[in-house]
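Trainee: below: sequence and its predicted model.
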Amino acid sequence: MVSVLPQLNELKGAALDLLFPRFCVGCGKEGNFICAACQASLPRIEMPVCPKCGKPQTDSLCSVCVNWASDIDAIRTPFRFEGLIRKAVHEFKYRNLRAIAGQLGLLLADYLKENPIPCDIIVPVPLHPKRLRDRGFNQSALLAFELSKLTGISVNNTSLIRSVYNVQQAKTANVEERRKNVIGIFKVVDVDLREKKVLLIDDVTTSGATLNSCASLLKSAGAASVWGLTLAREI
């Protein structure tokens, strides 16, 4: 018996596009949330980068990472957090443009294809339940599930939780405050990730403090390795 699910999904997508046409967040052109021309102009991070935090520079550790006793194996990011990618993330997170997650997830999948990272399981950086209720969704989880669809790598969205409601990292003043702000705010609630190579997903990284805090816990719970992959980073 021939499955009709793919055809039904195509029809559903076409109907939604008719009712809610997509417009580029950059130039306003109808068709997609980031049109081909605007996507080509996204502010990409080019090699070489710091082997630890992924900041563009020489192949050696940057001045911050030299003195950073981090637990995360490394962080990688395709784009600088500026221009159109900043606007796309803002529309996604703060203006409820959840439908853009598919295209942003594709950008991550394309990057991962060109820059392979050791990975058995994808884990999104969790939101505190209060912030999740306020926003209505976890943008990192949406990105993780879109990436999973495209790569076939499973998502674990339950083992790592955020147990403390803290100040948002974007509202802290400097690297030292960001690192203090994430101490003790996460918990691992089971050991499904033991011996797994974990890929942590978040939308934006600034200092890497949030990802490192998650990595510390995951490794304490037995994870074999923890890498971070974010859509954009502040430079």
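Mentor: Sure thing, it's come through.
Trainee: quick check: mean pLDDT of stretch 21-36?
Mentor: Averaging pLDDT along stretch 21-36 gives 94.
Trainee: give me the contacts around it.
Mentor: Ala37, Cys38, Ser41, Leu42, Leu84, Lys87, Ala88, Glu91, Leu97, Ala99, Ile100, Gln103 (CB atoms under 8 Å, 6 or more residues apart in numbering). The C-beta positions use only the backbone N, C-alpha and C, and glycine is treated the same way.
Trainee: may I ask you to confirm that Gly54 is in contact with Arg233?
Mentor: Yes - here Gly54 reaches Arg233: they are 6.7 Å apart, a contact under CB atoms under 8 Å.
Trainee: next, show the common contact partners of the two.
Mentor: Ile45, Ile75, Thr77.
Trainee: take those residues and keep only those in strands.
Mentor: Using DSSP state E, the subset of the shared contacts of Gly54 and Arg233 located in strands is Ile75.
Trainee: ranking by neighbours, what's the top pick from the contacts of stretch 21-36?
Mentor: Among these, Ala88 has the most neighbours (other CB atoms under 10 Å), with 27 neighbours.
Trainee: just say helix, strand or coil for that residue.
Mentor: Following DSSP: H, G, I helix; E, B strand; the rest coil, Ala88 is assigned to helix.
Trainee: ok, it to Ile100 distance?
Mentor: Distance of Ala88 to Ile100, given as CB to CB, to the nearest Å: 6 Å.
Trainee: and the lowest mean pLDDT element among the helices and strands of the chain?
Mentor: The helix or strand of the chain with the lowest confidence, counting by mean pLDDT, DSSP states H and E, is helix 5-19 at a mean of 45.
Trainee: next secondary structure element downstream of that helix?
Mentor: Heading C-terminal from helix 5-19, the first helix or strand you meet, by DSSP states H and E, is helix 36-40.
Trainee: and after that following helix, which helix or strand comes next?
Mentor: Helix 36-40 is succeeded, C-terminally, by helix 63-66 (DSSP H and E).
Trainee: what residues go with each domain of the chain?
Mentor: 1-41, 44-233 (automatic domain parsing).
Trainee: just how off-centre is the last one within its chain?
Mentor: In this case it means domain 44-233. 5 Å (CA atoms, centre = their mean, to the nearest Å).
Trainee: what about that domain, average pLDDT?
Mentor: Rounded mean pLDDT across domain 44-233 is 91.
Trainee: can you list contacts of stretch 111-126?
Mentor: 76, 78, 138, 140-141, 143-144, 147-148, 151, 153-157, 159-162, 186, 193, 196-202, 210-211, 214, 218, 224-225, 227, 229.
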